[in-house]
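> Model the following, please.
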Amino acid sequence: MRARPAVLLSAALCGLLCLGAGTAAAAAPIRHVFIIVEENESASTTFAPNSPAPYLADTLRAQGAYLPNYYGIGHESNDNYLALISGQAPNPQTQSDCQIFSDFQPDVIGSDGQAVGSGCVFPADVQTIGDQLDAAGLTWRDYNQSMGSDPTREAAECGHPGLNQRDGTQTATATDQYATRHNPFVYFHSIIDDTARCDSHVVNLSLLPQDLAGASSTPNYVFITPDTCSDGHDATCADPSRPGGFAGIDAFLKVWVPRITSSPAFRQNGLLAIIFDEASTSDTSSCCGEVPGPNSPSPGVNGPGGGDTGAVLLSPCILPGTVSTQPYNHYTLLRSVEDIFGLAHLGYAQLSGETSLGSDVFNRPCAGAPAGPSVRVQAPALASAVSAGPNVPVRWSTSSGRPASFTVQVRATSGARNTWRTLLSATSRTSVRFRGRAGTSYEFRVNAAGVDGIAGPWAMARTVFPTGARPRGGHYRGTWRVLRVPGAWEGHAIVAYGPGSSFTLTYAGGAVAVIADRRRDGGRMRIVLDGRGRTVSLRSRRSRTRQTVYRAALRPGRHRLTVDVLSGVVALEGYALTDRR
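As a prediction, the model looks like this:
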């Protein structure tokens with residue numbers, strides 16, 4: 001018997017195309033977003049007549065949308081990258097490119113979603129777009145050119161300095177031009193504290209071609225960081241065999257843009273954004289209602305923003321040759337991605353002046369992304385077992401009944417680490433028996449890929465595994481006894497006969513459900529929750545075990561539940577709590 005309380009589930013997660021009502025991005029059914037970030041150039045130079053980067057400024061601009069009024073949010077580099085994936089505003093350490101890979105202190109989050117304090121590696125409760133995508137059942141990867149080229153400087157996966165250590169990648173070498181400060185995902189404890197997760201998501205750029213081979217293997221969100229030769233940061237590359245400056249930018253884009261735009265994922269209504277982190281440091285202009293964060297009065301060090309960089313966007317949903325003069329910035333781009341995937345707005349992506357990409361950009365009817373198979377999944381809402389360990393059947397099928405390849409995942413929602421775990425991958429099976437733990441609640445999700453490899457949305461099911469008899473934290477008065485009850489949870493229940501017996505539970509959490517046994521000699525009980533009472537009858541002509549006889553929706557906080565036996569037999573089998581702390 002386990003006495004840890006179960007946790008009921010919150011609202012269902014949005015599927016791939018669950019878009020916020022009224023969002024401009026809803027007009028374009030984008031399935032895959034690609035972002036390439038270049039360095040330190042102003043729009044007035046990059047996109048000038050006779051540009052030093054003609055492939056970007058002329059060829060690619062003609063293929064999609066040019067945004068002449070796209071702005072960085074600060075100076076120097078690092079704060080711009082962080083804003084792109086988290087909506088966090090600059091602080092003095094990020095404005096100096098985090099020479100020391102210092103822990104952010106203290107762990108205080110303001111009402112606007114901004115971490116209050118200073119430092120580089122943000123606390124675990126500061127979320128990134130990667131965390132949001134994981135929670136929504138979507139995929140992402142951060143691809144970094146040259147990461148791990150010199151293993152004595154950084155690893156080839158999740159490469160970053162030791163916490164509170166000097167960053168040895170601030171200067172490029174002839175053998176390694178990777179710069180940690182240009183890789184934003186490693187600046188969040190929510191990513192780097194899980195080594196396996198970080199290693200699988202923050203990878204070398206060399207893995208991108210194999211991921212682009214199929215739509216189902218391409219992440220929904222792709223963040224690409226060129227090295228300091230290819231992003232234009234170094235006018236002269238430390239590797240003399242490679243070009244730097246604008247020539248390095250064009251050389252990189254000529255290789256990687258065609259690979260992306262010819263991929264199955266991009267052709268199915270993808271979006272590629274080619275942006276610059278900041279303009280030249282003399283340009284500190286801003287747009288879109290940007291405000292200073294709580295930690296630095298001037299995001300641009302000497303002004304309000306990161307300057308006008310311009311941007312180019314490519315998509316089957318964009319008419320070639322489009323020009324939009326609508327102002328946008330990094331917070332806007334984050335907000336637009338969140339709208340595309342039906343996610344909440346992080347940090348300053350929620351500012352009122354940050355308007356998502358709209359019909360000024362997505363001005364071409366999209367063919368509509370090919371839909372993968374839809375799935376039905378079944379699991380009992382309330383687990384039951386007469387053995388010592390809960391064991392539940394989970395079944396699934398495609399709505400069409402056609403053969404498909406299924407992926408099945410599960411996560412416990414009652415623990416601190418509620419990450420998804422794969423039970424079956426690329427399987428033709430249509431059922432599994434899952435053995436859980438008493439006092440725990442689980443989500444199951446299943447999706448299917450058709451013969452073309454295109455995966456459909458996740459289908460969800462939820463199961464509560466109630467606690468067994470005599471849950472810890474309860475106080476009993478009277479003649480309560482643990483008795484065997486055929487068909488009851490784990491084969492037994494807490495049984496009391498007649499008046500004079502009560503059970504009191506004090507807990508911190510939200511909604512509560514009481515599971516009891518209805519029977520011919522079932523009695524009456526009075527349930528009082530936070531001073532509000534209700535009388536419940538357990539009498540039934542036919543015995544029915546595992547009945548949810550009482551439930552109440554409550555906000556998180558401290559609550560007190562009391563059960564008083566009024567008459568007859570009362571058999572309590574367990575209880576389930578929401579969001580127990």
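
> pretty sure Cys229 belongs to a strand, no?
No. Under DSSP: H, G, I helix; E, B strand; the rest coil, Cys229 sits outside any strand and is assigned coil.

> Quick one: residues contacting it.
Ala172, Gln177, Cys237, Ala238, Asp239, Arg242, Pro243, Gly244, Gly248 (Cβ atoms under 8 Å, 6 or more residues apart in numbering). Using the backbone N, CA and C atoms, a C-beta is placed for each residue, glycine as well.

> My read is that the third one contacts Ile249, right?
This points to Cys237. No. Applying Cβ atoms under 8 Å as the test, Cys237 and Ile249 come out as separate, 11.6 Å apart.

> So these two - more neighbours on which side?
Using other Cβ atoms under 10 Å, the more surrounded residue of Cys237 and Ile249 is Ile249, with 29 against 21.

> Can you classify the more buried one by secondary structure?
helix.

> so what's it up against?
With Cβ under 8 Å, 6+ apart, Ile249 has these contacts: Glu38, Ala53, Leu56, Pro226, Ser230, Asp231, Gly232.

> On the pLDDT front, check it for me.
Ile249 carries a pLDDT value of 97.

> Apart from its neighbours in sequence, what residue is nearest it?
Once flanking residues are discounted, Ile249 sits nearest to Gly232: 4.4 Å by Cβ to Cβ, 6 or more residues apart in numbering.

> Point me to the helix or strand that includes the one you found.
Taking DSSP states H and E as the definition, one finds Gly232 inside no helix or strand.

> what does Phe252 give?
Here Phe252 is assigned to helix 245-261, by DSSP H and E.

> which parts of that helix are buried?
For helix 245-261, a neighbour-count test (16 or more other Cβ atoms under 10 Å) marks 245-253, 256-257, 260-261 as buried.

> how near is Ser96 to Pro258?
37 Å (Cβ to Cβ, to the nearest Å).

> For Arg481, the count of nearby residues, please.
14.

> Got the phi and psi for it?
Main-chain torsions, Arg481, degrees, to the nearest 10: phi -140, psi 150.

> measure it to Val495 for me?
6 Å.

> related to what we said a few turns ago, can you flag the buried ones in the contacts of Ile249?
Glu38, Ala53, Leu56, Pro226, Ser230, Asp231, Gly232.

> which non-adjacent residue is nearest the second one?
In space, not counting the residues next to it along the chain, Ala53 is nearest to Phe246; the distance is 4.2 Å by Cβ to Cβ, 6+ apart.

> Verify the contact between Gly214 and Pro264 for me.
Yes. Here Gly214 lies in contact with Pro264, judged by Cβ under 8 Å, at a distance of 5.9 Å.

> quick one: contacts for Thr236?
Here Thr236 is in contact with Gly244, Gly245 (Cβ under 8 Å, 6+ apart).

> which SS state does the residue most central in space within the chain fall under?
In the chain, the C-alpha nearest the mean C-alpha coordinate belongs to Gln132, at 1.8 Å (Cα atoms, centre = their mean). Assigned state for Gln132: helix (three-state reduction, three-state DSSP).

> Return the residues in contact with it.
Glu338, Phe341, Leu343, Ala344, Leu346.

> what about it, distance to Phe444?
Counting by Cβ to Cβ, the gap from Gln132 to Phe444 is 21 Å.

> again, but for Leu163
From Leu163 over to Phe444 (counting by Cβ to Cβ), the distance is 36 Å.

> More neighbours: those two, which one.
Higher neighbour count among Leu163 and Phe444: Phe444, with 23 against 13, using other Cβ under 10 Å.

> did I read that right, that one in a helix?
No. Using three-state DSSP, the assignment for Phe444 is strand, not a helix.

> That one touches Met460, doesn't it?
Yes. Taking contacts as Cβ under 8 Å, Phe444 lies within contact range of Met460: 7.1 Å.

> Need the residues touching each of the two.
Joint contacts of Phe444 and Met460 (Cβ under 8 Å, 6+ apart) are Val377.

> ok, the residue lying closest to Gly305 once chain neighbours are set aside - contacts?
Of all residues not flanking Gly305 in the chain, Ser286 sits nearest, at 2.5 Å (Cβ to Cβ, 6+ apart). By Cβ under 8 Å, 6+ apart, Ser286 lies in contact with Tyr71, Ile73, Pro299, Gly300, Gly303, Pro304, Gly305, Gly306, Asn329.

> picking up where we left off before, and the pLDDT at the residue nearest to the centre of the chain?
Predicted confidence (pLDDT) for Gln132: 93.

> Next: Ser414.
56.

> now Ala379
Predicted confidence (pLDDT) for Ala379: 85.

> does the residue nearest to it when sequence neighbours are not counted belong to a helix or a strand, and which?
Counting by Cβ to Cβ, 6+ apart, Ala461 is the residue found nearest to Ala379 once chain neighbours are left out, at 3.9 Å. Assigned by DSSP H and E, Ala461 belongs to strand 459-464.

> strands paired with the very next helix or strand once past that strand, and their directions?
Next in sequence after strand 459-464, counting helices and strands by DSSP H and E, comes strand 474-477. Using DSSP bridges, the strands paired with strand 474-477 are strand 502-509 (antiparallel).

> Can I get the partner strand in PDB, CA atoms only?
This file holds the C-alpha atoms of strand 502-509, laid out as PDB (Å, rounded to 0.1, in the frame of the first residue of the first chain):
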ATOM      1  CA  SER A 502     -14.400  10.500  11.400                       C
ATOM      2  CA  PHE A 503     -11.500  11.000   9.100                       C
ATOM      3  CA  THR A 504      -9.700  14.300   8.700                       C
ATOM      4  CA  LEU A 505      -7.200  15.200   6.000                       C
ATOM      5  CA  THR A 506      -5.300  18.500   5.800                       C
ATOM      6  CA  TYR A 507      -3.500  19.100   2.600                       C
ATOM      7  CA  ALA A 508      -2.000  21.800   0.300                       C
ATOM      8  CA  GLY A 509      -3.300  21.600  -3.200                       C
END
